[in-house]
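Student: Kindly return the folded structure for what I paste below:
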Amino acid sequence: MSTVNSIISSATSDVDKIRAIKDLVSNDHQLIRTIPDDFNTNERSKSFSMLLILLKIELLLISDEFDPSIIATYLKQVQSLLPKNSTNTTSNSDLTYLKLKYDDLYTDFQLLYPPKYMDLVNKKLILLNNMHNNQQNILEWTPELLQLVVDIYHKTTECLLLTGNEFLKNNILQHLQKILNENDPISHEFNKSISPTTSFFFDRNIRKQCVSWQQFEEFLRHAHTPWIRKLALKQPLPHTLLCNQLENNISLLSKYYLNISLSKIKSLFEVPDSIDIEDLVATMVIKDKLPPHSQIDQIKSVLYFGGDTEVYNPENQHVKDICLLVDEIVTLIGE
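Tutor: Okay, here's the model as predicted:
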């Protein structure tokens, strides 16, 4: 039976060792503690040691034994060993990989506990923009570096889909759509590895269409990013995710209604009992996440949308049908 130490001492390449250890530990997180965290001074061994500790950080971030102080210590260790300049024996692509992997994990650590999804998206976009501005030709990247960049694009896209009705969200969605439709290795690998459910969810957000809880949970279960897949295992879903998804759906109602009762919103979107719908909608009004001059009549428990309603989009027939159906049900109950 393979162990972490037996894999490290094998004659395979460093890349194959890291991949084998990741596969092994992913099936048994108790083995994380067996990954060595002592660093060698030899340049090549030091590079491999950094890869090991970065893997350890990555696994700890999604494990049930998450300890911020331990991860912070490991990040400081890696930072202290990263070359401050390029005058070393590590190849340019390998060094770029180490620095990018460190930055990726560092931003995860900073902004996931507690989750600040939009801040995380912005940090990832900066990392990716720096890679695009890198003078090194993308065709000269190692397969590992290319895969890392693709993984960060997946993470950025999926994090964006976890946010609520945030300012500039749609602009970022369109920006990502444009970049990931380019004819280059990044786009090719990204589109080859994106799940159909993520692609569907992304398209619904671009088109400003509602998403059901079932569709949302399908997206979580089939996400590319491990810690996002893990969110699907939490029942009920985290409060922040529930509120964000409801925000996205509620923000679309002004296309079909001049006003709507809060009870009807609860019926339309199957709002969980854990969510105070009045509080959520009031927060959306205060934070300008609804059309200007929208307001709640607290006595009547009705949301009034401000501004002009948008022209009805025939592609959203499913939403109109649902709204009409709920109207009919409410009328029958009243009778």
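Student: where's the nearest residue to Ser26 once chain neighbours are set aside relative to Pro68, distance?
Tutor: In space, and not counting its chain neighbours, Ser26 is closest to Leu59: 7.4 Å by C-beta to C-beta, 6 or more residues apart in numbering. To be clear about C-beta, it is placed using only N, CA and C from the backbone, and glycine gets the same treatment. To Pro68, Leu59 is 15 Å away according to C-beta to C-beta, to the nearest Å.
Student: what pairs with the nearest residue to Thr240 once chain neighbours are set aside across the strands?
Tutor: In space, and not counting its chain neighbours, Thr240 is closest to Pro115: 6.1 Å by C-beta to C-beta, 6+ apart. Here Pro115 sits in beta bridges with Leu112, going by DSSP bridges.
Student: number of nearby residues for Pro115?
Tutor: 18 (other C-beta atoms under 10 Å).
Student: That one is in contact with His239, isn't it?
Tutor: No - in this structure, Pro115 is not within contact of His239 by C-beta atoms under 8 Å, at 10.7 Å.
Student: one step back: with neighbour numbers in mind, choose between Leu59 and Pro68.
Tutor: Here Leu59 and Pro68 are set side by side on neighbour count (other C-beta under 10 Å), and the busier one is Leu59, at 19 against 10.
Student: Quick one: residues contacting the more buried one.
Tutor: By C-beta atoms under 8 Å, 6 or more residues apart in numbering, Leu59 lies in contact with 22, 25-26, 29, 32, 35.
Student: for Leu127, same thing?
Tutor: Leu127 neighbours (C-beta under 8 Å, 6+ apart): 100, 103-104, 107, 152.
Student: Show the average pLDDT along the one helix or strand it maps to.
Tutor: Element membership for Leu127 (DSSP states H and E) is helix 117-133. In this model, helix 117-133 has an average pLDDT of 94.
Student: Identify each buried residue in that helix, please.
Tutor: The neighbour-count check on helix 117-133 (16 or more other C-beta atoms under 10 Å) flags 117-118, 120-125, 127-128, 131 as buried.
Student: same check, this time on stretch 187-203
Tutor: So, applying 16+ other C-beta under 10 Å, buried residues of stretch 187-203: 189-190, 194-195, 197-198, 201-202.
Student: quick one, strands of the protein?
Tutor: Using DSSP state E, the strands found in the chain span residues 259-261, 295-297, 302-304.
Student: what about this structure, any weak spots by pLDDT?
Tutor: For the chain, residues meeting the criterion pLDDT under 70 lie at 1, 39-44, 85-91, 135-136, 308-335.
Student: looking at it, Ile8 is touching Asp16, isn't it?
Tutor: No - assessed by C-beta under 8 Å, Ile8 is found out of contact with Asp16, at 11.3 Å.
Student: more crowded one of the two?
Tutor: More crowded of Ile8 and Asp16, by other C-beta under 10 Å: Ile8, with 17 against 12.
Student: Which stretches in the stretch 101-250 of the chain count as helices?
Tutor: 117-133, 143-162, 169-179, 185-193, 196-206, 213-221, 226-231, 239-250 (DSSP state H, counting those that start in this stretch).
Student: Nearest to Asp94, out of those?
Tutor: helix 143-162 (8.1 Å; C-beta to C-beta).
Student: Buried ones in stretch 143-156, by neighbour count?
Tutor: Applying 16+ other C-beta under 10 Å to stretch 143-156 flags 144-146, 148-156 as buried.
Student: Adding distance to Val285, write these out as a markdown table.
Tutor: What follows is the buried residues of stretch 143-156, written out as a markdown table (distance: C-beta to C-beta, whole Å):
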| residue | distance to Val285 |
| --- | --- |
| Glu144 | 48 |
| Leu145 | 46 |
| Leu146 | 45 |
| Leu148 | 41 |
| Val149 | 40 |
| Val150 | 39 |
| Asp151 | 38 |
| Ile152 | 35 |
| Tyr153 | 34 |
| His154 | 34 |
| Lys155 | 31 |
| Thr156 | 29 |
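Student: Mind picking the two most distant members of the residues you listed?
Tutor: Glu144 and Thr156 (18.8 Å).
Student: returning to that earlier point: can you tell me which residues contact the residue nearest to Thr240?
Tutor: By C-beta under 8 Å, 6+ apart, the residues touching Pro115 are 162, 238, 240.
Student: which of those residues lies closest to Lys169?
Tutor: Closest to Lys169, out of all of these and judged by C-beta to C-beta, is Leu162, at 10.8 Å.
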